[in-house]
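Trainee: The sequence and its predicted three-dimensional model are supplied below.
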Amino acid sequence: MRLRYPYTLRPLFFSSKLSTMTPQTLFDSSPFSTLKNIPFCQRQRFLPHRPFFTVFCSKPTSRNPSSPLRTNGFHAVSHASIPRPVQLENPEAKRAELQFNILRKRLEAVGMETGICEPGQYNHLICPECQGGEGSEKSLSLYIAPDGGSAAWVCFRGKCGWKGSTQAFAGSRSAASIVTPVNKKREITEEELQLEPLCDELLAYFSERLISKETLERNAVKQRKYADQIVIAFTYRRNGSLISCKYRDVNKVFWQEANTEKIFYGLDDIVGQNDIIIVEGEMDKLAMEEAGFLNCVSVPDGAPASVSSKDLPPQEQDKKYQYLWNSKDELKKATRVILATDGDPPGHALAEELARRIGKEKCWRVRWPKKGRLDNCKDANEVLMYLGPDALKEVIENAELYPIRGLFNFRDYFDEIDAYYHRTLGYDIGISTGWNNLNDFYNVVPGELTIVTGVPNSGKSEWIDALLCNLNELAGWKFALCSMENKVREHARKLLEKHLKKPFFNERYGEKVDRMSVEDFERGKLWLSDTFSLIRCEDDSLPNIRWVLDLAKAAVLRHGVRGLVIDPYNELDHQRPPNQTETEYVSQMLTFIKRFAQHHGCHVWFVAHPRQLHNWVGDPPNLYDISGSAHFINKCDNGIVIHRNRDPEAGPMDQVQVCVRKVRNKVAGTIGEAMLLYNRVTGEYTPTDNKRPTDRRK
């Protein structure tokens, strides 16, 4: 019978929810073996009663945490005549109830919702492994033994096929009578399948997709008749022998021969090849051949919806990707595997799953070009149809290394490096501190860590507050303050005085200078609210560094904070494991802080006190004098010592020495010292003309 054209083929023998299954799949495993002798067109009325078979669970139940599923179950009475459980008044009934409850917990552990499942029946559920595909079909058949002591299941979706069994108690034999052996792999022939050469209409169909007759013949693409319908038959071969066959109608409904071995489509074409191309569909494999690439294969089962979050299963349990294991020799010999899967999310997920198994170090990936002004081509066949074979060849020749997490090339950062060179990133060489004589030595760079130290009452916190006010005025930065030694009202007073350049009070330190007016005060309160976020622990417990950084991250994302102050180190909770030294703890803590700074582009100032200086003679301490560990100087980007003059004979008592002891980034500064004068009334710092480089050996 001649195929009608254009093609109005319908699925051959199943509804859209069973499009991946064939009658052969069902009847080969059916206990009703006499159905094989019934003409095919008469078998369809048997299809609603899907048979069941099982093997041992393909993955350990203990490694599959239970997960909530949609309401997904209904049950159908089995064809077998099975008596219902007896009443629960007797011991046997109570034992059956107990083991059934245990069995249900085991089933729930692998994701099945068993709320309405009953013993002695076939229960139809949504498969927790494949979620029933796009149609959320109830493709999982679960049989529970009449005594509730064992269960076995199988998913009838062709793209899944998950099967397994479990028992309430170890060693139970109650399910032995219902377990049927798994069918062996079928051997098929073209004569058995009644495959034929392609008719003129199907040749025209492929021609519209720029697939030539020569390519079709070389790949043994055939057709098969079902009643008044004709479908395309893609023959899967190994060493020239027919292993499996996949069918497609022109409405893109696919199905395969049941119980055949899973192999790549075009497997013989990659034997002995150094370079291998893997695509997602048979049409794409044929398109690659039109572009001159014979070393190409297609996966047999399409793409998963998403990348699995689980560890790779052992080879014998990796059912969906058995075609990879069945081709491991060919893949092992290849030096480069180009993953040319579809450009949609499932295609990306397939590429990731393939790369996980093949080894990302030998994988490459392609980027599909645009087919118009906006849309990209989805796959190889679209590139061939819209742009031609030369464009498809160029795509493969320009394949790039498959990304490996944590392994990069400078090419991946060229945009950022270009912006750095042209100084378009913003604050490329740091922000001015607001004090001209200090800018030669220290500038504030986003994403760096500055350690600030000094003897008690040297003005470390006051200097940082003044620096923050300058940065807000010059660049509009906002800040998060974790200042455990300051009361909120005291800290607000200090910041307002520096910002408004007027004293908060006029008693004592005010020296009869007019205090800030009510209008100034109200305007200053708005500035405080807009500029600063406070990180404070409201109870008696001490905050740890992770708690501080988590809140700082929220401030960065919510309020656009660009700077974080942690003042001081000794006010944090520093509990550590008994086997961890303080040096190891400080190193780990500073690593956390630096990663936070770099990831969020946030400059961190960390105040750390020096250890007790019994023999201190008045000179500025060294960064190595910080209490706790030498890692404070080893791991910081910048190290600054704030020192106030305490000797009237050495100079003014309001003179503050800013000693820049370490600068990792030479673009931002260098080692040196600058003098600032402290205004006790307003808390401001003003530069003096005194600045000098420092011996780098200090």
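Mentor: Structure received. Numbering: from 1, shown residues only.

Trainee: What is the burial count for residue 561?
Mentor: 22 (other CB atoms under 10 Å). Where C-beta positions appear, they are placed from N, C-alpha and C, glycine not excepted.

Trainee: same question, residue 204
Mentor: Residues lying near residue 204 (other CB under 10 Å) number 12.

Trainee: would you say it is within a helix?
Mentor: Yes: assessed with DSSP: H, G, I helix; E, B strand; the rest coil, residue 204 lies in a helix.

Trainee: how close does it get to residue 196?
Mentor: Distance, residue 204 to residue 196, by CB to CB, to the nearest Å: 16 Å.

Trainee: Same check on residue 269?
Mentor: Distance from residue 269 to residue 196, counting by CB to CB: 23 Å.

Trainee: Name the residue in these two with the higher neighbour count.
Mentor: residue 269 (22 against 13).

Trainee: so that one makes contact with residue 293?
Mentor: No: Residue 269 lies out of contact with residue 293 (CB atoms under 8 Å); the separation is 9.2 Å.

Trainee: any shared contact partners between these two?
Mentor: Counting by CB atoms under 8 Å, 6 or more residues apart in numbering, residue 269 and residue 293 have no common neighbour.

Trainee: mind giving me the domain ranges of the chain?
Mentor: In terms of domains, the chain is parsed into 94-167, 444-629 (source: the TED database).

Trainee: now, of those domains, which is deepest in the fold?
Mentor: Comparing the domains of the chain by mean neighbour count (mean count of other CB atoms under 10 Å), domain 94-167 ranks first with a mean of 20.

Trainee: how long is it end to end?
Mentor: Taking CA to CA, to the nearest Å, the first and last residues of domain 94-167 lie 17 Å apart.

Trainee: could you give me the average pLDDT of it?
Mentor: Averaged over domain 94-167, pLDDT sits at 83.

Trainee: Do a quick rundown of the strands in the stretch 51-200 of the chain.
Mentor: 74-76, 122-125, 140-144, 150-155, 163-167 (DSSP state E, counting those that start in this stretch).

Trainee: Now do the last one against strand 150-155: the angle between them, please.
Mentor: Read that as strand 163-167. Orientation of strand 163-167 against strand 150-155 (axes from the mean of the first three to the mean of the last three CA atoms, to 10 degrees) gives an angle of 170 degrees.

Trainee: so what secondary structure elements neighbour strand 163-167?
Mentor: In terms of contacts (3 or more CB pairs under 8 Å, 6 or more residues apart in numbering; DSSP states H and E), strand 163-167 is packed against helix 91-109, strand 150-155.

Trainee: distance between the last one and the chain's centre?
Mentor: Read that as strand 150-155. In terms of CA atoms, centre = their mean, to the nearest Å, the centre of strand 150-155 is found 32 Å from the chain centre.

Trainee: who does that strand pair up with?
Mentor: strand 140-144 (antiparallel), strand 163-167 (antiparallel) (DSSP bridges).

Trainee: and the angle from the first one to helix 91-109?
Mentor: Angle, strand 140-144 to helix 91-109, by the same axes, to 10 degrees: 160 degrees.

Trainee: Same check on the last one?
Mentor: Note on geometry: by the same axes, to 10 degrees, strand 163-167 and helix 91-109 are set 140 degrees apart in direction.

Trainee: Report the distance from strand 163-167 to the chain centre.
Mentor: Relative to its chain's centre, strand 163-167 lies at 31 Å (CA atoms, centre = their mean).

Trainee: closest to residue 263 out of the helices and strands packed on strand 163-167?
Mentor: Checking the helices and strands packed on strand 163-167 against residue 263 by CB to CB gives strand 150-155 as the closest, at 21.4 Å.

Trainee: Alpha carbons only: can I get the closest one in CSV?
Mentor: Output in CSV follows, covering the C-alpha atoms of strand 150-155 (Å, rounded to 0.1, in the frame of the first residue of the first chain):
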residue,chain,number,x,y,z
SER,A,150,7.6,-7.8,49.7
ALA,A,151,7.1,-5.6,46.6
ALA,A,152,8.4,-5.4,43.1
TRP,A,153,8.1,-2.6,40.5
VAL,A,154,8.9,-1.6,37.0
CYS,A,155,8.5,1.7,35.0
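
Trainee: between the domains of the chain, which gets nearest to residue 256?
Mentor: Residue 256 lies closest to domain 94-167 among the domains of the chain, at 6.3 Å (CB to CB).

Trainee: where does the stretch 551-698 of the chain have low pLDDT?
Mentor: Low-confidence segments of the stretch 551-698 of the chain, defined by pLDDT under 70: 612-617, 689-698.

Trainee: For stretch 621-633, what is the distance to the chain centroid?
Mentor: On CA atoms, centre = their mean, the centre of stretch 621-633 falls 39 Å from that of its chain.

Trainee: which helices and strands does the helix or strand harbouring residue 673 pack with?
Mentor: Element membership for residue 673 (DSSP states H and E) is strand 672-678. When contacts are defined as 3+ CB pairs under 8 Å, 6+ apart, strand 672-678 packs onto helix 436-439, strand 655-663, strand 685-693.

Trainee: In CSV, please show the C-alpha coordinates belonging to it.
Mentor: Below are the C-alpha coordinates for strand 672-678, written out as CSV (Å, rounded to 0.1, in the frame of the first residue of the first chain):
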residue,chain,number,x,y,z
GLY,A,672,55.2,53.7,53.9
GLU,A,673,53.9,56.0,56.7
ALA,A,674,51.7,59.1,56.7
MET,A,675,50.9,61.5,59.6
LEU,A,676,47.4,62.7,60.3
LEU,A,677,46.2,65.2,62.9
TYR,A,678,43.2,64.2,65.0
